[in-house]
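Colleague: Just a sequence and a predicted model for now, questions to come.
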Amino acid sequence: MKTEANIFSNSEVTVTYEPNVCIHSEKCIKELSDVFRTSIIPWIDLDASDAERIIKQVNRCPSGALKYQRKLSSIKKAEVKKKPVLETAV
Ligand code: SF4
């Protein structure tokens, strides 16, 4: 039986969870329990941590059941922060 992926979003990132792919290692729950919860619905709370920590944890999912996509607005914010300061000629 195929089930639809669960989709969770905040202003910076969208995280999807595919129950059919999960191997129930509980790595996400043990390592970032504020976001990945077992007994509370919705079981993923993206407001409980910052986007970088969430993405780092998603990348540690051994099965690939968790995936993420950054929102365009958050990518633009990151680019603005990285923009180099103009250098002046001496
Ligand atoms: S880390 Fe990945 S495989 Fe392990 S329980 Fe979480 S979603 Fe499932």
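Modeller: Here it is on my side, so go on. Residues are numbered from 1 along each chain as shown.

Colleague: so Ser73 is in which element?
Modeller: Using DSSP states H and E, Ser73 sits within helix 72-82.

Colleague: residues of stretch 57-65 that come out buried?
Modeller: Across stretch 57-65, burial judged by 16 or more other Cβ atoms under 10 Å covers 57-58, 61, 65. Quick note: C-beta positions are derived from backbone N, CA and C, even for glycine.

Colleague: ditto for stretch 26-44
Modeller: Buried residues in stretch 26-44, counted by 16+ other Cβ under 10 Å: 27-28, 32, 35-37, 44.

Colleague: Which of those residues fall in helices?
Modeller: 27-28 (DSSP state H).

Colleague: Get me the contact residues on this structure for the ligand.
Modeller: Residues of the chain lying near the ligand by Cβ under 6 Å from any ligand atom: 22-28, 61-63, 65-66.

Colleague: Turn the residues you listed into TSV, columns for pLDDT.
Modeller: Shown next, in TSV, are the residues of the chain next to the ligand (pLDDT from 0 to 100):
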residue	pLDDT
Cys22	96
Ile23	97
His24	95
Ser25	96
Glu26	96
Lys27	97
Cys28	98
Cys61	98
Pro62	98
Ser63	98
Ala65	97
Leu66	98
